[in-house]
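> Provide a 3D model corresponding to the input given below.
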Amino acid sequence: MKNQFTFFNLVKNQLSLRNLSSKKIINTDYPENFGEYIFYKSLLKNDAKTKVALYKNKAGKQIIAKIWFGDRKDYAYYSLLNEAQTYKTINTTLSRLKKNKRTYIKGISIPKFIKSIEKKNLLILLIEWVPGVSSEVLPEKKQFDAYFKVIEFLDYLGENMTENEKKTLTKRTWLYYIWFFPVLFLLSIIYNFDDVYTIVVGGITFISLAYRFITYRKLTLVHRDLHFGNILVYKSKITLIDLQFCVFSYRVYDFASTLRNLWVNEAKSRRLITEISKRYKQNKEVSLLLKPVLIFFAIHGLTARDFSNKVMKSFKNFLTFNITLPN
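Modelled structure (predicted):
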């Protein structure tokens with residue numbers, strides 16, 4: 001059902017928080033200000049479910065506001081909720097490690113968590129704005145170096161979180177892959193019946209390797225949408241952004257997600273997978289789980305309904321490639 005409330009009415013009638021003034025809305029999409037921070041500009045198209053905007057105070061300091069609104073909590077809501085908790089938890093972890101003078105990976109971090117605000121039909125996340133450009137502008141070798149430094153950073157966080165910190169984040173264990181795969185498999189056949197042979201071969205290959213998930217259960221912090229555009233670089237500093245999908249799962253989850261979404265540039269993807277194999281040659285998880293998780297992600301991609309034909313073709317080629325990888 002179409003939302004009967006405008007964002008203007010939602011903010012006007014339901015939002016009354018300390019340090020938050022929202023009596024006037026810019027272009028009916030964004031609060032005029034959050035305390036001392038005044039609306040500066042939108043960072044996403046206005047038809048996006050989650051609005052993203054930049055706010056600035058008189059001193060020139062800037063913050064990012066991510067705003068969800070709706071009369072029904074949907075996938076976008078839970079993604080933003082997860083992002084808020086992830087920023088909060090990681091900031092807590094980093095602050096504790098720095099205070100205790102633990103070994104720290106220098107030159108890489110995430111934006112600082114400021115606050116999250118939730119009211120009926122409204123969820124807002126406020127985080128620090130950090131300068132930087134997408135790592136995509138770098139030469140390929142430096143892109144890869146930044147990428148693997150981010151992987152190292154995520155592993156470092158996962159290893160050094162307390163049990164209470166870990167409990168605040170979602171887990172995707174071996175059960176997720178085993179139980180969810182049959183659904184993805186059937187949907188991928190329904191949506192891509194012309195490619196049923198390749199999908200069936202992929203499914204059989206996955207099933208033959210599924211026992212490996214039970215033999216290896218160590219989890220770490222994974223981003224789940226890790227691509228070069230989510231890695232910002234500024235001088236010698238790297239900043240990881242867009243944490244809405246972060247969970248505890250297998251490290252190869254990020255490798256598979258990155259490779260699948262990059263496969264439209266197959267040559268670059270093949271170079272990245274070669275680099276992964278080289279850097280993680282002695283890694284037990286990679287040797288056991290990389291192939292089944294790559295197949296899982298390829299078939300998952302084939303269940304999508306909103307990608308271009310070019311992207312869908314890349315997912316099919318990605319599946320074919322992964323089937324041929326050595327076990």
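
> Measure how buried Arg270 is and give me the count.
14 (other CB atoms under 10 Å). (Each C-beta comes from the backbone N, C-alpha and C, glycine too.)

> That one in helix, strand or coil?
Put simply, Arg270 is helix when judged by DSSP: H, G, I helix; E, B strand; the rest coil.

> the helices in the stretch 201-327 of the chain, which residues?
211-215, 252-262, 266-279, 284-301, 309-323 (DSSP state H, counting those that start in this stretch).

> List the residues that contact the nearest residue to Leu290 once chain neighbours are set aside.
Using CB to CB, 6 or more residues apart in numbering and skipping the chain neighbours, the partner closest in space to Leu290 is Val252 (4.8 Å). Contacts for Val252 (CB atoms under 8 Å, 6 or more residues apart in numbering) come out as Glu285, Val286, Leu289, Leu290, Val293, Leu294.

> what's the neighbour count on the nearest residue to Ala210 once chain neighbours are set aside?
Residue nearest to Ala210 in three dimensions, not counting chain neighbours: Ile178, with 6.0 Å by CB to CB, 6+ apart. The number of residues packed around Ile178, counting by other CB under 10 Å, is 16.

> Name the helix or strand of this structure that has the lowest mean pLDDT.
Using mean pLDDT, DSSP states H and E, the weakest-scoring helix or strand in the chain turns out to be helix 7-14, at a mean of 36.

> Can you tell me which of the helices of the stretch 201-327 of the chain is nearest to Ser79?
Ser79 sits nearest to helix 252-262 of all the helices of the stretch 201-327 of the chain, at 14.7 Å, using CB to CB.

> picking up where we left off before, possible to save the helices of the stretch 201-327 of the chain as JSON lines with distance to Asn57 and mean pLDDT?
Listed next are the helices of the stretch 201-327 of the chain as JSON lines, based on distance: least, CB to CB, whole Å; pLDDT from 0 to 100:
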{"stretch": "helix 211-215", "distance to Asn57": "49", "mean pLDDT": "94"}
{"stretch": "helix 252-262", "distance to Asn57": "35", "mean pLDDT": "96"}
{"stretch": "helix 266-279", "distance to Asn57": "40", "mean pLDDT": "96"}
{"stretch": "helix 284-301", "distance to Asn57": "42", "mean pLDDT": "97"}
{"stretch": "helix 309-323", "distance to Asn57": "40", "mean pLDDT": "95"}
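
> Reformat those helices into TSV and put distance to Leu243 next to each item.
Shown next, in TSV, are the helices of the stretch 201-327 of the chain (distance: least, CB to CB, whole Å):
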stretch	distance to Leu243
helix 211-215	25
helix 252-262	12
helix 266-279	22
helix 284-301	19
helix 309-323	24
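
> Determine which of these approaches Leu80 most closely.
Comparing those by CB to CB, helix 252-262 comes nearest, at 19.2 Å.

> what angle separates that closest one from helix 284-301?
Calculated by axes from the mean of the first three to the mean of the last three CA atoms, to 10 degrees, helix 252-262 forms an angle of 40 degrees with helix 284-301.
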